[in-house]
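# dropping a prediction and its sequence here:
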Amino acid sequence: MSDETSRPQPERSAGRTEANHPAPPSAAVSAALLAPSSAGLHGLLRQLRDQAPVFFSEELGVWIVTRYEDVLRILKDAELFPASTRSVILGAHAPDVRAILAKTATFTAPNMGFDGRPAHDRLRRPAAPFFSAQAVARLEPRIRGLAARHAERLPATPPADLVADYARPFATALIMDLAGFPDADRDRILRYHRAVSEFFFGTPPPDRQLAYARDVEEWEAYLSAAIRERGRRPGDDLISHLVAQDAYTERELISLVSFDVVTAGIGPTGYALTVLCWELLRDPGRHDGLPVDAARFDACFAETMRRCGPALGVFRTAAADTELSGVRIPAGAALWAMIASADRDERRFACPDEHDTTRPALGASLHFSHGLHYCLGAHLARTAVRVAFTALLRRHPALHVVPDQPCVDEPGINVIAPARLLVRW
C-alpha cells in the first residue's frame, strides 16, 4: 500500500506531453484515480504513459507519474523523494480533529514508513529479523493452522463471499495472532484499524472524523498497555520481539504497530489474497499443481501482483527542484507514483496486460515498492497468500468464481481490489 494519501497544493509548473498530443482532461483523470477499480483505469494510465507521463492533477493538487523508469527513480531516491507527508493529512482536517491527531504517535512519532535515513534504518533494523524468509518459514505452520480454521468456517452451502467470509477474517486473524492480540479484542481492533485506515487511505466524512480521531487516541492507549504487558510477560509474538530489542521509545513502538503492522498488514494481505483468487479461480486449470510447488506459486503471485496488484501507487514529495520525463517538478510538490501503471508499462514489460508467469522480468515488478521503503512484510504476505489459497483448495477442490457477478469494488482511493467475490464449489 502506499505510504500516504495526502494531497497538498504544490506550485504549478508547465510541462510538455509526448509528441504534442493533448493530455486527458484533468477532471477525468482525477475522477478515475479516485475510483481506481473502474473498468477504464488501465486504458487511462496507458494514455497518460504515452501522452503525459508526468501530469498535474488540478483537482488533487498532485503530480501523477506513470512510466516505469520515472516511478522507479522516485522509489530508489528516498532523499530527493521522501515519504514524510503525514503532516499534510493533519492539515486537511478541522482544528479539533487535528488537535487530537497531532498528539498521537501514529501521526507524529518517527516511523520507518515515512522517515528517511538515518531514522528509517534505526527503526527497521530491529524489526527485520521477525519478517525474514527464515523467520516466516518457521511461522508457516502457525499460518497454516489459521488458514485451515478459516476455510472450515466458509458457509456450508455456496455461494460464499470470499472477501467477507475468508480473505478479510483470515488477514485480520493473521495480523492479530502475530502481534499477540487476543481473539476477544478482534472487534475493537477492527474499529481502531478502520479509523487509522480512513485517515491514511480513505476520505473520512466530516461527521465521522472526530469519532475516528478519538478511536486513534483510544487505540494508542490500548497499544501502550499491551507494550507494557509484554515487557512484564513476553510471549511468542511480534510486540514481545520488538519490546525485547530495547531499541524503541514507547511512542515509536506504538507508531510501528499502529501503522506498519496493523494498518499496512490487515488490508493489504486481504486484498492480495482476494486479487489472486480472482485471477486464478476464474479458470481452475490455471492453478493446477500450484499449492504443492512453491516456486511456481511465487512466480504466479509475483505476476498477479504485477498485473493486478491492489495498490494503485505511493505518495512522495519532491525535496528539491527536479525533472521527470522532461517536466519540471518544483520543490515541495506532491507526487503520486503510479505503481499500477509502471507495472504495465510496455517500455519495461512485453505484452504487459497478459498474465505470463514465465516472463523474464518478474523481479522488476514494483508491487512491493523498491529501495529504502521496500515492503518489510513481503515474505510474510507471499507465504500467507500461498498458505491461505492452498487451504481453500484443500477444503473445496472445485472452487470457482461465480460468472457474470456484479463488480463491487473496495472504496479506498489507493486500492484496486474487489470488495466482494462470490464463489461456488
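Ah, there it is.

# and for residue 151, the neighbour number?
20 (other C-beta atoms under 10 Å). All C-beta spots, glycine's among them, are computed from the backbone N, C-alpha and C.

# that one belongs to a helix?
Yes. Under DSSP: H, G, I helix; E, B strand; the rest coil, residue 151 falls within a helix.

# where does it land on pLDDT?
Here the pLDDT value assigned to residue 151 is 98.

# ok, residue 202 next?
For residue 202, the predicted pLDDT is 81.

# phi first, then psi, for residue 67.
Residue 67 adopts backbone torsions of phi -90, psi 150, taken as degrees, to the nearest 10.

# figure out the length between the terminal residues of stretch 278-294.
Start-to-end span of stretch 278-294 (C-alpha to C-alpha, to the nearest Å) is 19 Å.

# contacts for that stretch?
Identification of contacts with stretch 278-294 by C-beta atoms under 8 Å, 6 or more residues apart in numbering yields 296-297, 300, 304, 307-308, 355, 386, 389-390, 393-394, 398-401, 403, 418, 421, 423.

# would you map the helices across the stretch 101-250 of the chain?
For the stretch 101-250 of the chain, the helices defined by DSSP state H, counting those that start in this stretch occupy 105-108, 119-127, 133-152, 162, 168-179, 186-201, 206-232, 238-245, 250-255.

# okay if I get the ones you listed as a markdown table plus distance to residue 330?
Listed next are the helices of the stretch 101-250 of the chain as a markdown table, based on distance: least, C-beta to C-beta, whole Å:
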| stretch | distance to residue 330 |
| --- | --- |
| helix 105-108 | 26 |
| helix 119-127 | 25 |
| helix 133-152 | 41 |
| helix 162 | 45 |
| helix 168-179 | 39 |
| helix 186-201 | 25 |
| helix 206-232 | 30 |
| helix 238-245 | 39 |
| helix 250-255 | 30 |
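
# check these for me and report the most buried one.
helix 162 (a mean of 24; mean count of other C-beta atoms under 10 Å).

# residue 422 - how many residues pack around it?
Based on other C-beta under 10 Å, the number of other residues close to residue 422 is 18.

# quick one: contacts for it?
Counted by C-beta under 8 Å, 6+ apart, residue 422 has contacts 159, 160, 161, 162, 401, 402, 405.

# nearest residue to it in space, please, no chain neighbours.
residue 402 (4.1 Å; C-beta to C-beta, 6 or more residues apart in numbering).

# is the one you found in contact with residue 423, as I believe?
Yes. When contacts are counted by C-beta atoms under 8 Å, residue 402 is listed as touching residue 423 (6.4 Å).

# of these two, who's got more company?
Neighbour count, other C-beta under 10 Å: between residue 402 and residue 423, residue 423 has more, with 23 against 16.

# show me the contacts for that one.
Contacts of residue 423 (C-beta under 8 Å, 6+ apart): 158, 159, 160, 162, 277, 281, 399, 400, 401, 402.

# swap in 10 Å and give it another go.
154, 158-163, 165-166, 277-278, 281, 392, 396, 399-402, 405 (C-beta atoms under 10 Å, 6 or more residues apart in numbering).

# and it, that's in a strand?
Yes. Counting by three-state DSSP, residue 423 is located in a strand.

# for it, give its distance to residue 165.
Using C-beta to C-beta, to the nearest Å, one gets 9 Å for the distance from residue 423 to residue 165.

# what touches both of these two?
154, 159.

# could you flag which of the contacts of residue 423 are buried?
154, 160-163, 165-166, 277-278, 281, 392, 396, 399, 401-402 (16 or more other C-beta atoms under 10 Å).

# can you list the weak-confidence ranges in this structure?
The model of the chain has pLDDT under 70 over residues 1-22, 37-38, 291.

# for it, just list every one of the strands.
All strands of the chain, identified by DSSP state E, fall at 54-57, 62-65, 160-161, 314-317, 322-324, 327-329, 334-337, 400-401, 422-424.

# residue 177 is nearest to which of the ones you listed?
Checking the strands of the chain against residue 177 by C-beta to C-beta gives strand 160-161 as the closest, at 22.6 Å.

# quick one: contacts of the closest one?
Under C-beta under 10 Å, 6+ apart, the answer for strand 160-161 is 153-155, 166-168, 396, 399, 402, 405, 408, 418-425.

# got a list of what residue 236 touches?
139, 142, 178, 180.

# columns distance to residue 208 on top of these, output as CSV?
Output for the contacts of residue 236, formatted as CSV (distance: C-beta to C-beta, whole Å):
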residue, distance to residue 208
139, 36
142, 36
178, 29
180, 29
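
# sorry, back to before: for residue 402 and residue 423, list the residues in contact with both.
Joint contacts of residue 402 and residue 423 (C-beta under 10 Å, 6+ apart) are 158, 159, 160, 161, 162, 281.

# quick one: which of the residues you listed is nearest residue 195?
Of those, the one sitting nearest to residue 195 (C-beta to C-beta) turns out to be residue 161, at 24.1 Å.

# quick one: residue 203 and residue 411 touch, right?
Yes. Under the criterion of C-beta atoms under 10 Å, residue 203 makes contact with residue 411 at 8.7 Å.

# on that earlier part again, make a markdown table out of the strands of the chain and add distance to residue 215.
Converted to a markdown table, these look like this (distance: least, C-beta to C-beta, whole Å):
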| stretch | distance to residue 215 |
| --- | --- |
| strand 54-57 | 30 |
| strand 62-65 | 27 |
| strand 160-161 | 26 |
| strand 314-317 | 23 |
| strand 322-324 | 38 |
| strand 327-329 | 36 |
| strand 334-337 | 27 |
| strand 400-401 | 35 |
| strand 422-424 | 31 |
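
# quick one: closest of those strands to residue 230.
Among these, if distance is taken as C-beta to C-beta, the winner is strand 314-317, at 31.1 Å.

# give me the distance from that closest one to the chain's centre.
13 Å (C-alpha atoms, centre = their mean, to the nearest Å).

# list the strands paired with it, with their directions.
strand 334-337 (antiparallel) (DSSP bridges).

# mind exporting the partner strand as PDB, just the C-alpha atoms?
Extracted in PDB, the C-alpha atoms of strand 334-337 (Å, rounded to 0.1, in the frame of the first residue of the first chain):
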ATOM      1  CA  ALA A 334       3.400  16.200  -4.100                       C
ATOM      2  CA  LEU A 335       3.800  13.200  -6.400                       C
ATOM      3  CA  TRP A 336       1.600  10.100  -6.800                       C
ATOM      4  CA  ALA A 337       3.900   7.500  -8.300                       C
END
